[in-house]
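Visitor: only geometry, no sequence info:
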């Protein structure tokens with residue numbers, strides 16, 4: 001099987017085909033970074049802790065944009081935060097800029113870029129077309145967020161602290177709910193597009 005046979009169009013390129021790809025990508029990256037900003041500020045009451053929509057938006061951006069544009073969009077979001085804009089959850093109350101990014105949650109921010117790239121790569125292989133593979137891609141994306149997140153958290157606060165209870169366990173149920181939303185949403189959008197064409 002050739003490499004081109006493995007590449008599927010992204011949802012973004014299917015919904016917005018444009019001769020000026022660079023302009024489209026810039027506009028999508030800016031829109032995606034703004035969506036991340038809003039998603040970091042929205043808190044939904046959930047058990048055992050409130051959740052933001054941030055990881056859902058990170059993974060949906062990767063899946064809809066593909067690995068390059070998805071990672072670049074999340075990178076733009078991180079640059080906005082590094083520049084001092086209060087784009088992250090808990091900012092400006094918990095600090096801003098590089099000081100915030102070097103804090104306990106900094107590893108999760110790096111994980112966002114890696115997860116968007118991984119999920120985008122899988123989407124470009126057609127994983128966003130059905131519920132099972134979309135759910136698996138989202139699960140892998142979540143795992144990629146947690147790996148650098150937990151490693152960084154442990155190095156900042158110390159491994160003698162309950163790192164997993166602080167940085168992962170309370171969020172697993174919320175992540176599962178977001179995984180279900182994405183697994184239904186992405187294949188559903190592709191199904192509607194197929195019906196229209």
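Guide: Ah, there it is. Note that the structure is a prediction, hence the values are computed from the model and not measured.

Visitor: Which residue ranges of this protein form strands?
Guide: 43-44, 51-52 (DSSP state E).

Visitor: so of those, which one's packed in deepest?
Guide: Ranked by mean neighbour count, the strands of the chain are led by strand 51-52 with a mean of 20 (mean count of other C-beta atoms under 10 Å). Any C-beta I mention is one placed from the backbone N, CA and C, and that applies to glycine too.

Visitor: Could you list every helix and strand that that one packs against?
Guide: If you count contacts as 3 or more C-beta pairs under 8 Å, 6 or more residues apart in numbering; DSSP states H and E, strand 51-52 packs onto helix 21-41, strand 43-44, helix 172-196.

Visitor: For it, what is the distance to the chain centroid?
Guide: Put simply, strand 51-52 sits 13 Å off its chain's centre (C-alpha atoms, centre = their mean, to the nearest Å).

Visitor: ok, residues contacting that strand?
Guide: Here strand 51-52 makes contact (C-beta atoms under 8 Å, 6 or more residues apart in numbering) with 39, 40, 41, 42, 43, 44, 89, 171, 174, 177, 178.

Visitor: cool, and stretch 189-197?
Guide: With C-beta under 8 Å, 6+ apart as the test, stretch 189-197 has contacts from 11, 14, 15, 128, 129.

Visitor: Residue 9 is in contact with residue 64, correct?
Guide: No: taking contacts as C-beta atoms under 8 Å, residue 64 lies outside contact range of residue 9: 11.1 Å.

Visitor: is it true that residue 135 touches residue 183?
Guide: Yes: Residue 135 sits in contact with residue 183 when judged by C-beta under 8 Å, with a separation of 3.9 Å.

Visitor: any low-confidence regions in this structure?
Guide: Filtered on pLDDT under 70, the chain yields the residue ranges 1-6, 48.

Visitor: Pick out the residue nearest the middle of it.
Guide: The chain has residue 58 as the residue nearest its centroid, 1.6 Å off, counting by C-alpha atoms, centre = their mean.

Visitor: which residues touch that one?
Guide: Taking C-beta under 8 Å, 6+ apart, we find residue 58 in contact with 36, 74, 112, 115, 116, 141, 145.

Visitor: got a winner among those for most neighbours?
Guide: Neighbour tally across those (other C-beta atoms under 10 Å): the maximum, 34 neighbours, falls on residue 116.

Visitor: Can you tell me, leaving aside adjacent residues, what's nearest to the residue nearest to the centre of the chain?
Guide: residue 112 (4.7 Å; C-beta to C-beta, 6 or more residues apart in numbering).
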